[in-house]
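> Take a look and give me a structure for this.
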Amino acid sequence: MDIKGIISISGRAGLYKIITQGKNAVIVESLLDKKRFPAYATEKISSIEDISIFTTDEDVLISEVFKTMLDLYTGGEAESHKADEKALRIAFSKILSNYDMERVYFSDIRKVFQWYNLLIKEGILKLEPVETEVPAAEGEASTVDEETADTDKAEKKAKAADKPKKNPAPKAAKPKATNTPKPAQSKKPTAVKTGSSRGK
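Model (predicted):
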């Protein structure tokens, strides 16, 4: 998700994309009607990647809120920002349950839904695909191993066929063993475990 170069201008609806930088102004394009115009430094311009939402704990960047919305709406559009206040507050509570109800106004909630839907339509916000490794079937794995083994065998045979055959050296005749009398070996007595001699 890349929201760099996307800004909001105080007093103007929607979001704007920075096209080019001028001396005293930036040329922006509206995401609503695609009209271009200069935005001057005197106007309150905010990069949306720097905007955060008040919560009862630490403030949360709006980019993190958008990520939660992408997962919740599976990459699709959310409720319209023109829906009634009760419906939008309930929906926003599912997105950011600990938002500060005193400091986050209903106008802010409407902006979040409007901006999210605009960025979805422009293809700027996208649900990132999850890469998963698909294990090969046992039959497929064994087939690949067998094919690899067969290829290796064929290559070895081809290399062996290319090599010139060498005449093996004649084997030297082994002298015949003569029957010589072996010296008599004295037999050692073997230890035999016997049972108790009682009763014999």
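
> Ser47 against Ile6, yeah?
Yes: look at Ser47 against Ile6 with Cβ atoms under 8 Å: they come within range, at 7.3 Å. The C-beta positions use only the backbone N, C-alpha and C, and glycine is treated the same way.

> Now the common contact residues for these two.
Counting by Cβ atoms under 8 Å, 6 or more residues apart in numbering, Ser47 and Ile6 have no contacts in common.

> So for those two, which sits in the more crowded spot?
Between Ser47 and Ile6, counting by other Cβ atoms under 10 Å, Ile6 is the more crowded of the two (20 against 13).

> got the CA positions of the strand or helix carrying Gln114 in PDB?
Using DSSP states H and E, Gln114 maps to helix 106-121. Extracted as PDB, the C-alpha positions of helix 106-121 are listed here (Å, rounded to 0.1, in the frame of the first residue of the first chain):
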ATOM      1  CA  PHE A 106     -18.500  12.200  13.200                       C
ATOM      2  CA  SER A 107     -17.000  14.400  10.400                       C
ATOM      3  CA  ASP A 108     -13.700  12.700  10.900                       C
ATOM      4  CA  ILE A 109     -15.300   9.200  10.700                       C
ATOM      5  CA  ARG A 110     -17.100  10.200   7.500                       C
ATOM      6  CA  LYS A 111     -13.700  11.300   6.000                       C
ATOM      7  CA  VAL A 112     -12.100   7.900   6.800                       C
ATOM      8  CA  PHE A 113     -14.900   6.100   4.900                       C
ATOM      9  CA  GLN A 114     -14.800   8.600   2.000                       C
ATOM     10  CA  TRP A 115     -11.000   8.400   1.700                       C
ATOM     11  CA  TYR A 116     -10.900   4.700   1.900                       C
ATOM     12  CA  ASN A 117     -13.500   4.200  -0.800                       C
ATOM     13  CA  LEU A 118     -11.700   6.800  -3.000                       C
ATOM     14  CA  LEU A 119      -8.400   5.000  -2.700                       C
ATOM     15  CA  ILE A 120     -10.000   1.600  -3.400                       C
ATOM     16  CA  LYS A 121     -11.600   3.000  -6.600                       C
END
